[in-house]
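Student: Next come a sequence and a model predicted from it.
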Amino acid sequence: MVEDFEKNQIIVDKNVVTYHSLKYFIVELNDKLRPDLFIKYDVILIDIKEEELVSYVVKQIRTHLNPRIYLMPIFLLSTTDFHEVVINELTDGALPSINHLDSIETKVLDIQANIERINHPKVLSFEAQMINRTLNLMYTRNKKVLNPLPYFHSGIGYYYPELSINFNHRDENGALKILDMAEQEGLFQSEFYERVYVCNSCNGGFLNYREVCPKCNSSDSVSQDLVHHFPCAYVGPIEDFQNTIDDQLDCPKCNKTLRHIGVDYDKPSVLYTCNSCHHRFQDYYTKAKCTTCSTENDVEHLVPFSIKRYIMTKKGENVAINGYINIEKQLETLSGTVTIDIFKVLLQYEIQRLHNIGYSSNIGYVHLEHAAVVAGILGLEKQKSLMNDLVQMLRSNLNPSDFVSFYNSSTILFSFVNTEFKDAQGIISEMKELSERLLTKSFEKVRIEIRTDVTALNVSSKVETAINHMVFPLAKM
Amino acid sequence: MDIFGEEIHEFILYLSSVGFSKLLRVFWFFFFFEFFRYVLVDLITLTFIKWDRDRNHYKYVDAKRRMWLELPLVSIIVPGKNEGKHIYKLTTSLKEQTYKNYELIIVDDGSDDDTEIICKSLKKNGLIDYFIRNEVRGGKASGANTALRIAKGKYVVHLDADCSYDFDAIENIIVPFYESPRVGAVGGNVMVRNYKESIATTLQSFEYTDAISIGRMVASYLGIYRVVSGAFGAFRMDLLQRVQGWDIGPGLDGDITVKFRKLGYKIKFEDRAVCQTSVPNTFRKLTKQRLRWDKSLIRFRLRKHSDVFFPSQNFSLTNFISFMENITYTLVLNIKWYIYAADMLFNFASLLPFIILMNMFLYTTTNMFKLLVFNIFRERTNAPFSYFIPYVPLMVFYHGYYLRFVRTIAYIKEFFFKESYKDPWNPEKTSVKALEIGI
């Protein structure tokens, strides 16, 4: 349905309304959705009744890479009561018709004023991008608390609209990791709300908890009470004691009639028989079947996540305005790499060595383009594992004396110690080729672009400047 | 020391002066009953067993081959209460078995300790195939019968949780079923693991090695073997289903063996299928155990299965002999011993010290002879026979006085007061009902 919407619609110019110097764009059912063009307008009005399509439009806007677009005020031109969390939480309100634009004007101006206050620093890491997007959306809407909302379409069952919208269904637990990181940075304070368990295989939260046969995992079984007849110690299901003549229970072993539970018989246990494999057992195994990937999880092997309410701190508010540019800390400890601080110190020594006659040194990088998009496609974990593979590959092509560091989760810096610039260029182009080959081999269905560059160091180079100068073109992208 | 030496000297003088007929008159009890049954008959039968085994070894090998070809499923059932602490060791012992095609069924009969937690954990780790928990205790028989409900094996091996097994024990206990289609049940050879722990355990170990193990080999060969031990016994599943499992005890292992015999099937003892158990380490505990065991003679042989003594459609001569031998040597001779004691007291009062010494001499010599000579008939021992040599004289008191005395008390208690129905070994609710219907 969404695809139809995308393919079969046409652009209609009359959808633009100008009122009190604000330009409103009305998205209608027959429009082809082109969010890139929304940059020309101040407000988006959605005039669609179908919940799924409204949700699709909102998602396209709120996940756009351009902050001017993803922060844009969105209103519904409808009085329809939608239940979709994405619609209710990520739109700014509703108006019954175009004649009521006055009613939203103040709010629009307020949001615009907030957007104007925000700086958009050159952020490259996926995590930092996600934190910035979330904080920006919250700040521009004067929202202080990020509440987890129970959401049927969420992969983990709970949804943080401003953040989770950026994740695909199977990778939504990545949002929790980002929030943890933001909390550690002091951008949020948290309150425990709930604990969720997700599939061990795909991190899906849609789990069907079932009592299953311990042998074949089938949930098709019948239970039988075992009856113990005291005088003769006969033990069997109640059917053994039933006769075809009357309602009495007669012991098949000693022919005595069972009269009084606790006096001449009891039911000490229940036995289940699996209809699938005929296995008999007393205790079911509780298994959680993931409805996303069909994995049968042992409940003790499910992955637990704490769902929390996040309250934006003063620091968070400040970061919302000035931007968050920290790197992803977990990558600093990756084998074969040094931390960025050590990288800078080593680079300083390297610049000093350039005073020696005939000594030349260079630095280079390998960058995964569009980290946010890649993470969205691959998932955060796969992206990290990809970076790890890249590091190992690079390490094997560098001299042992060269040092490698993460600039952020999608950019790897390294040195070419005592190497001619020309040779370094040769090596880096080879690295690019190898990296692309590795990515094509690992991710056949996903096209990931690699960007590389190399810069020669000279005696007057400053460490920070040299790095920033080199990676600056990335920030502009 | 001098006085003792004098006594010995006088005793030797007495021995040299007394004639054989006089000796026979005074020690008739020993010569006519004990020596005859427990030395002569045993020795002759053991010789036959050895000869038979050597001659028919190929038959045994062939039976084993057929068993391995068929590879029948064996259901190992272990009912018990508060046995959790033993179960891991048991599963380890079973994991070592040469025979792997078995299912292990543990029935927790209303334990009030950590048995349930332990067993569930072992089951989760694949060391137990089935674990059934009865919330309310129903007694050993109901536990075994519960296990029987889910057992799928062709043969059922009943084990006690606190026992451990030779690595080929399961294999060896199943082979006799392939030697003859008429074999209905096979008893394993129970040995004493803690024989060094105390005098009580050492004497019991001697007893298990001699009277129980050798005794059962002989009884099995003569066709009068009557108790398949609950600690280690194998049964044909179809026959267990025919008799509808175990009846309530105490003494349920002897009872089910009789039921199998009544169906006309042979009961074999397999001395090569070895299990080790810990026996009571004090005489107090041992007395309690033996009182329970001995009461079952009255309850099961004289009351419940008294039909064996009377001609009927199902009359079997071997069953009759088996029962008669049992009754004679345990009950009748027990009473007769008191008559003998009275005979000696009244007719040979002056010779009483000599008689006691002579008795000790005769029994010690016999026991020593059996220890040394019967050892060549044992294919597997768990303790060097030399370890028991210093304890041989004590066996006179253990067998001749202690066990006899305990047995007498048990018979009186059961015969006159039906004490077995009050034994806390069984839950009261079941004993009351069993008493009502007289089983």
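Tutor: Alright, I've got the coordinates. Numbers count the residues shown, from 1 in each chain, chains lettered A, B, ... in the order given.
Student: From here on, just use CA atoms for contacts and neighbour counts.
Tutor: Fine.
Student: Around the nearest residue in space to B:Phe283 that is not next to it in sequence, how many other residues sit close by?
Tutor: Nearest residue to B:Phe283, sequence neighbours excluded (CA to CA, 6 or more residues apart in numbering or on different chains): B:Ala200, at 6.0 Å. Using other CA atoms under 10 Å in any protein chain shown, B:Ala200 has 19 other residues around it.
Student: Let me know the average pLDDT across stretch B:394-408.
Tutor: Across stretch B:394-408, pLDDT averages out at 90.
Student: can you check stretch B:421-430 too?
Tutor: On average, the pLDDT along stretch B:421-430 is 81.
Student: Does anything pack onto the longest helix seen in chain B? Which helices or strands?
Tutor: In chain B, assigned by DSSP state H, the helix with the most residues is helix B:352-373. Under the contact definition 3 or more CA pairs under 8 Å, 6 or more residues apart in numbering or on different chains; DSSP states H and E, helix B:352-373 sits against helix B:392-395.
Student: hmm, 10 Å instead?
Tutor: Under the contact criterion of 3 or more CA pairs under 10 Å, 6 or more residues apart in numbering or on different chains; DSSP states H and E, helix B:352-373 touches helix B:2-17, helix B:20-26, helix B:42-55, helix B:333-347, helix B:392-395.
Student: just those: most buried one?
Tutor: Across those, averaging neighbours per residue (mean count of other CA atoms under 10 Å in any protein chain shown) puts helix B:392-395 on top, at a mean of 18.
Student: Nearest to chain A among the helices and strands packed on helix B:352-373 would be which one?
Tutor: With CA to the nearest CA as the measure, helix B:333-347 is the member of the helices and strands packed on helix B:352-373 nearest chain A (31.2 Å).
Student: C-alpha coordinates for that closest one, PDB please?
Tutor: Extracted in PDB, the C-alpha atoms of helix B:333-347 (Å, rounded to 0.1, in the frame of the first residue of the first chain):
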ATOM      1  CA  LEU B 333      15.700 -73.500  62.700                       C
ATOM      2  CA  ASN B 334      15.600 -70.200  64.500                       C
ATOM      3  CA  ILE B 335      13.100 -71.700  66.900                       C
ATOM      4  CA  LYS B 336      14.900 -75.000  67.000                       C
ATOM      5  CA  TRP B 337      18.100 -73.200  68.000                       C
ATOM      6  CA  TYR B 338      16.400 -72.100  71.200                       C
ATOM      7  CA  ILE B 339      15.400 -75.800  71.700                       C
ATOM      8  CA  TYR B 340      19.000 -76.700  71.100                       C
ATOM      9  CA  ALA B 341      20.200 -74.100  73.600                       C
ATOM     10  CA  ALA B 342      17.700 -75.400  76.100                       C
ATOM     11  CA  ASP B 343      18.900 -79.000  75.400                       C
ATOM     12  CA  MET B 344      22.400 -78.100  76.000                       C
ATOM     13  CA  LEU B 345      21.600 -76.100  79.100                       C
ATOM     14  CA  PHE B 346      19.600 -78.900  80.700                       C
ATOM     15  CA  ASN B 347      21.400 -82.000  79.500                       C
END
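Student: mean confidence score for it?
Tutor: Computed over helix B:333-347, the average pLDDT equals 83.
Student: Distance-wise, check B:Ser229 relative to chain A.
Tutor: Distance of B:Ser229 to chain A, computed by CA to the nearest CA, to the nearest Å: 19 Å.
Student: what does the stretch 101-250 of chain B have sitting close to chain A?
Tutor: Contact residues (CA under 10 Å from any CA of the partner chain) of the stretch 101-250 of chain B with chain A: B:109-110, B:120, B:123-124, B:129-151, B:242-249.
Student: Kindly recompute the last result at 7 Å.
Tutor: B:130, B:132-136, B:141-142, B:145-146, B:149-150, B:244, B:246-248 (CA under 7 Å from any CA of the partner chain).
Student: Determine the longest strand present in chain B.
Tutor: For chain B, the strand that runs over the most residues, judged by DSSP state E, is strand B:266-277.
Student: Make JSON lines out of the helices and strands packed on helix B:352-373 and add distance to chain A.
Tutor: Putting the helices and strands packed on helix B:352-373 into JSON lines (distance: least, CA to the nearest CA, whole Å) gives the following:
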{"stretch": "helix B:2-17", "distance to chain A": "57"}
{"stretch": "helix B:20-26", "distance to chain A": "48"}
{"stretch": "helix B:42-55", "distance to chain A": "37"}
{"stretch": "helix B:333-347", "distance to chain A": "31"}
{"stretch": "helix B:392-395", "distance to chain A": "38"}
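Student: Which of the ones you listed sits closest to B:Cys275?
Tutor: helix B:42-55 (21.2 Å; CA to CA).
Student: quick revisit: the longest helix of chain B versus helix B:42-55: what angle between them?
Tutor: 0 degrees (axes from the mean of the first three to the mean of the last three CA atoms, to 10 degrees).
Student: what's near enough to touch residue 205?
Tutor: No chain specified, so I'll use chain A. Counting by CA atoms under 7 Å, 6 or more residues apart in numbering or on different chains, A:Gly205 touches A:155-157, A:197-199.
Student: actually it's chain B I care about, not the one you picked
Tutor: B:191-192, B:195.
Student: what do you get for A:Gln60?
Tutor: A:Pro35.
Student: One more: B:Val74?
Tutor: Neighbouring residues of B:Val74 by CA under 7 Å, 6+ apart: B:101-103, B:153-157.
Student: How is chain A partitioned into domains?
Tutor: Here the domain parsing of chain A from automatic domain parsing is A:1-117, A:214-283, A:329-476.
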